[in-house]
Each structure stands twice: as C-alpha cells, then as structure tokens.
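*Asks:* I'll drop the sequence and a predicted model, then ask my questions.
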Amino acid sequence: EPNCTECHVTFGETGQIPNLNTPGGAIRIFDLPHSYRPGNTYAVRVQLDSDSTRTLADRRWGFQLTAVAAATGAGAGSFVVPSVDSLQIVAGAPGDPDNHWPTRTYVEHTADGLHQGEAGPVEWRFLWKAPVSPAGAVLFFAAGNASNSSLDASGDYIYTVSDTVADTTTATANISWGRLKSRYR
C-alpha cells in the first residue's frame, strides 16, 4: 500500500529531496495494548512531531492510521472517533490486486483536525474496537504529514510507523533464557 510520499514531496535546488522519516521527526502510536481481547475497545493516541516545519508559523499536521490482520491483510476491528469535527473514518480504496484494501478502514484528521499553526508535537485520540472474534496478530500502520501549509504537495515531511498487537487467544510458548540458549549451543 503506498504511503503519503506518492504525492507529498520536497524539492530543492538539485531536485527531489527525500522526505520520508527524516531525522528530527517521528510519528508514534501510543496506548496500544500488548494483546487484545476480542470485542474490547481500546483508547489510542497518535503523536506527530517534526523540526523540519517548526519555524513555519502556519504549519499543519495530518495523519492516517489503519489496523490490519497480520494473517490475511484484511482490516481488523473498527475505529470510533470522539469528534467528527477533527477526525473521520474512511473506507479502504478499491483496486487492490489482493482485494484487501476494501476491507480496511482508516482513521484520519479532518480539515478542522490539522492542528494548524500549533507547535509540535501534536496528538490525536480515538478508540479502536478489536475484532469480535480472534483474528490473530493485528498490525497498525500510521503515516503522518508535517506540512509547510503551502496548500500544495511540495515541502511536506512524511513519517511512518507500525506496531503489532497480539490477541489473547493465540497461545505463546513460555521458555526460559537458559533453555533458549541451550537450543543454539
């Protein structure tokens, strides 16, 4: 699945400048549980920061996040937003050759949720409702845009991150450090 660098690029005197995960910035996903219980709801925070746009008074911030079943690539769970003024949920895009995107939903900022002019880091909060039946590990993918607010795609900095949450029904093997070392001696 493409990330925001398909459109948001940065140009300098010598041409296109890499703008993906540049030093001095990051997007982070906070408060995900180590493992989820099917059907439970969890509070999630996404935080974005970048020193690349810090000096710009009219800077804007944006993000998008999805949750995907690791085993199938299909969407996993659903999102609940506390305010439709600042956050929205959008359906996946058709045309995915593996037919996974249509099953995915994304939580993202709205025009009112851009944190325009705010100094970083900025944060968005929402809820993730785990799948109602066990879906195995769930992968979370997020992308953030630290924008220069030029209203075009140039001069923006994109950050990506992923995280994994296991389900509580998947058995895990408990093994001691000594037993693990003995396997590789």
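*Replies:* Great, that's in hand. Numbering: from 1, shown residues only.
*Asks:* quick one: the helices in the chain?
*Replies:* Along the chain, the stretches classed as helices by DSSP state H are 177-183.
*Asks:* got a list of what the most centrally placed residue in it touches?
*Replies:* The residue at the geometric middle of the chain, judged as the C-alpha nearest the mean C-alpha position with CA atoms, centre = their mean, is Ala142 (1.3 Å). For Ala142, the contacting residues are 27, 29, 46, 63-65, 160-162, taking CB atoms under 8 Å, 6 or more residues apart in numbering as the criterion. (Each C-beta comes from the backbone N, C-alpha and C, glycine too.)
*Asks:* partner residues bridging it?
*Replies:* For Ala142, the beta-bridge partners under DSSP bridges are Leu65, Val161.
*Asks:* what pLDDT does the model give it?
*Replies:* As summarised for this prediction, Ala142 has a pLDDT of 96.
*Asks:* what of His100?
*Replies:* Each residue has a pLDDT score; the one for His100 is 58.
*Asks:* before we move on, what about the one 3 residues further on?
*Replies:* What the model reports as pLDDT for Thr103 is 84.
*Asks:* gap between it and Gly92?
*Replies:* Here the distance between Thr103 and Gly92 works out to 6 Å (CB to CB, to the nearest Å).
*Asks:* just the closest of the contacts of Ala142 to Gly120, please.
*Replies:* Checking the contacts of Ala142 against Gly120 with CB to CB, the nearest one is Ile27 at 10.7 Å.
*Asks:* who touches that closest one in this structure?
*Replies:* Ile27 neighbours (CB under 8 Å, 6+ apart): 46-48, 63, 142-144, 159-161.
*Asks:* mind putting those into a markdown table with distance to Ala76?
*Replies:* Listed next are the contacts of Ile27 as a markdown table, based on distance: CB to CB, whole Å:
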| residue | distance to Ala76 |
| --- | --- |
| Val46 | 17 |
| Gln47 | 22 |
| Leu48 | 23 |
| Phe63 | 19 |
| Ala142 | 14 |
| Ala143 | 18 |
| Gly144 | 21 |
| Tyr159 | 22 |
| Thr160 | 19 |
| Val161 | 17 |
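*Asks:* which of the residues you listed count as buried?
*Replies:* Neighbour-count burial (16 or more other CB atoms under 10 Å) is assigned, among the contacts of Ile27, to 46-48, 63, 142-144, 159, 161.
*Asks:* so which pair among the residues you listed is furthest apart in space?
*Replies:* Distance extremes for the buried ones among the contacts of Ile27: the farthest pair is Gln47 and Ala143 at 13.3 Å, using CB to CB.
*Asks:* ok so, going back, overlap of the contact sets of Thr103 and Gly92?
*Replies:* Common neighbours of Thr103 and Gly92 (criterion: CB under 8 Å, 6+ apart): Gly75.
*Asks:* re earlier: quick one: the residue nearest to the centre of the chain from Pro134, how far?
*Replies:* Here the criterion is CB to CB. By it, Ala142 lies 24 Å from Pro134.
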